[in-house]
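J.: structural data only, the sequence is not supplied:
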């Protein structure tokens, strides 16, 4: 199992509640699309970190069956009924960084959108 982690923050003028609702809508629609190799997604508010210009933001975890699933996830995130929610959250986002990581746990304990 792998985890695609994505750290991001909204533009300063963006209402946090609106941002969080858009993020959850995107993750919910992505889970409903059920791309090949996608296990589930969760998001967390985070304290300021250096790679977000020392500002607070969000950390998303997208759990995948393997590295091969990242292509499927990327394709589903910007197509079909998932494209509009993706574009909505992307338009509110000032900054984002991501990476693919191996996990040390065989099975996730909790996923919020699956």
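T.: Yes, it's here. The structure presented is a predicted model; accordingly, all values stated were derived computationally and were not measured.

J.: quick one: the helices in the chain, in order.
T.: Assigned by DSSP state H, the helices in the chain fall at 16-33, 69-77, 80-92.

J.: and the second one, which residues are buried?
T.: Think helix 69-77. By 16 or more other Cβ atoms under 10 Å, the buried positions in helix 69-77 come out as 69, 70, 72, 73, 76, 77. C-beta coordinates here come from the backbone N, C-alpha and C atoms, glycine included.

J.: got a list of contacts for stretch 70-80?
T.: Under the contact criterion Cβ atoms under 8 Å, 6 or more residues apart in numbering, stretch 70-80 has outside partners 2, 4, 26, 30, 33, 35-38, 62, 64, 82, 86-87, 100.

J.: how about a cut-off of 7 Å?
T.: Residues from elsewhere that reach stretch 70-80, judged by Cβ atoms under 7 Å, 6 or more residues apart in numbering: 4, 30, 33, 35, 36, 37, 38, 62, 64, 82, 86, 100.

J.: quick check, nearest of those residues to residue 52?
T.: Nearest to residue 52 among the contacts of stretch 70-80, counting by Cβ to Cβ, is residue 4 at 17.2 Å.
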